[in-house]
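Chemist: would you be able to build a 3D model of this:
(one chain, ligands or ions: 1)
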Amino acid sequence: MEKFDVAVVGAGPAGSTTAYRLARAHARVLLIDKSGFPRDKPCGGGLTMRAVHQLPFSIEPVVEDRVTRVRCRLKYGRVMNRESEHVLCLMTQRRRLDEFLVEQAVEAGAVFRDGVRVEIESDRRIRVDGRPVEVGGLVGADGANGITAKTLGLGGDIVNGVALEGNLPYERLPHGEWRGMLVLELAALPGGYGWIFPKGDHVNVGVGGWGTEGPRLRAHLRSLCDHYGVDLDELTNLRGHRLPMRRPGTKLANGRALVVGDAAGVLDPVSGDGIYEALVSGKLAAEQIIAGDIPGYERAVHERLDPLSSAGWGAKKALDRFPRAVFAIMRLPVTWRVLEKLILGEVAHPGEAKGAGLTAMKAIKTLARAA
Ligand SMILES: Cc1cc2nc3c(=O)[nH]c(=O)nc-3n(C[C@H](O)[C@H](O)[C@H](O)COP(=O)(O)OP(=O)(O)OC[C@H]3O[C@@H](n4cnc5c(N)ncnc54)[C@H](O)[C@@H]3O)c2cc1C
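Modeler: As a prediction, the model looks like this:
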């Protein structure tokens, strides 16, 4: 029977970078995915610089644009434009990014098998295309619809948001400079927003919100398109996916197994970004496995990600209930400076802001409590 120190199920950003780190530490790692690579994943493909700083290598070969400008609009009404002297986000396409991340894991020594059927028998034994594999540890990195968490009694207590997105050539947008800019249509739908993200030869257009918006998601996306004079049918590659958001009861480790990324529901509730959290959870997972302390993983995730996640839940609820008040706070120059620092990773969570910026963050927290 084949034996590995660790099997990582799922080769998205969480799985590949966990496999990379473990392989670099000389563990024998099997990285497995049910899809044949390269494969796509419904995603805006935006990496905040906070996320980029978590990567153990450069992703320069797959960067398609660099964002320095942000345009936010509230309910298709009032607009806020901001520009940074720093690059805030790197724009990628997940098909290319994820293949690149897998290549790095393989170069580091991980064994990669894609397009395979994975069965989880226990935290010590799995089957790949029917053949048994013995493992010393198991990492569930199989995303929002994965099997590892369910099979091993992990995850749970997760609120699922939903998102729908597609691609559009630049020339179909109204005249203007769309490159280097994130467009966020805040409160365009309950529990979320619409977006236009720049890529190499097209933009990614999408909407995401509470799970209950699922049946109306197409109508919300049509409405976003209407505001830009685009027909929904012009979008290509239209696809939807869940946005899993954990709560305090979510179980992250059990026996020799743990979950990372979307499988753990670590996605940021207010932005719907999950790549940063996928990379951080992957790093913590690798560290805990190498230290031989898998049970300690849950505490490590709580310490590292809970302050940001709870601020995200608060901001999401406040924006949903008091959109105008939150937008008014967002428009303050001090708030932009805090948001810029958060995106750049210069502050870990809003509670670390200083002076007037902290006061603005506290005002959002007060609105969240009232909501
Ligand atoms: C529409 C949309 C837009 C988004 N935009 C952004 C954004 O711009 N920036 C950002 O930071 N985040 C964004 N997110 C969130 C982000 O996409 C996820 O948080 C991120 O992909 C999580 O990475 P992961 O590695 O945990 O899971 P995934 O990327 O989902 O990877 C999971 C992998 O597991 C594999 N898998 C699943 N089931 C099995 C199985 N049974 N056996 C084997 N393999 C399996 C899948 O094939 C997949 O390759 C967006 C999400 C959505 C839905």
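Chemist: quick check: buried residues in stretch 274-291?
Modeler: 274-290 (16 or more other C-beta atoms under 10 Å). Glycine gets a C-beta too; all of them are placed from N, C-alpha and C.
Chemist: what does the chain put close to the ligand?
Modeler: 9-15, 32-35, 41-46, 118, 141-143, 145-147, 163, 165, 206, 208, 241, 243, 261-263, 267, 272-276, 278 (C-beta under 6 Å from any ligand atom).
Chemist: helix or strand: which one has I32?
Modeler: Secondary structure from DSSP states H and E places I32 in strand 29-33.
Chemist: can you check E99 too?
Modeler: helix 94-108.
Chemist: can you list contacts of that helix?
Modeler: Helix 94-108 is contacted from outside by 11-13, 16-17, 19-20, 23-24, 29, 31, 37-41, 43, 45, 47, 56-57, 59, 61-62, 112, 114, using C-beta atoms under 8 Å, 6 or more residues apart in numbering.
Chemist: please narrow those residues to those residing in strands.
Modeler: The members of the contacts of helix 94-108 that map onto strands under DSSP state E are V29, L31, L47, F112, D114.
Chemist: could you report the neighbour count for the residue of the stretch 51-200 of the chain found nearest the ligand?
Modeler: Closest residue of the stretch 51-200 of the chain to the ligand, C-beta to the nearest ligand atom: G143 (2.8 Å). By other C-beta atoms under 10 Å, 24 other residues sit near G143.
Chemist: got the phi/psi numbers for it?
Modeler: Dihedral angles of G143 (phi, psi; degrees, to the nearest 10) stand at phi 70, psi -170.
Chemist: need the longest helix for the protein.
Modeler: For the chain, the helix with the greatest residue count under DSSP state H is helix 296-321.
Chemist: what comes up buried for the helix holding E99?
Modeler: 94-102, 104-106, 108.
Chemist: return the residues in contact with the residue nearest the centre of the chain.
Modeler: Nearest to the mean C-alpha position of the chain, by C-alpha atoms, centre = their mean, lies G274 at 1.4 Å. Neighbouring residues of G274 by C-beta under 8 Å, 6+ apart: L243, G261, D262, V266, L267, D268.
Chemist: can I get the buried part of these as one PyMOL selection?
Modeler: Burial among these is assessed by 16+ other C-beta under 10 Å; the matching PyMOL selection reads:
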select buried, resi 243+261+262+266+267+268
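Chemist: for the stretch 101-250 of the chain, which segments count as strands?
Modeler: 111-114, 118-120, 125-128, 131-140, 158-169, 181-189, 192-198, 202-209, 236-246 (DSSP state E, counting those that start in this stretch).
Chemist: can I get the ones you listed in JSON lines with mean pLDDT?
Modeler: Putting those into JSON lines (pLDDT from 0 to 100) gives the following:
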{"stretch": "strand 111-114", "mean pLDDT": "98"}
{"stretch": "strand 118-120", "mean pLDDT": "98"}
{"stretch": "strand 125-128", "mean pLDDT": "98"}
{"stretch": "strand 131-140", "mean pLDDT": "98"}
{"stretch": "strand 158-169", "mean pLDDT": "97"}
{"stretch": "strand 181-189", "mean pLDDT": "97"}
{"stretch": "strand 192-198", "mean pLDDT": "97"}
{"stretch": "strand 202-209", "mean pLDDT": "97"}
{"stretch": "strand 236-246", "mean pLDDT": "97"}
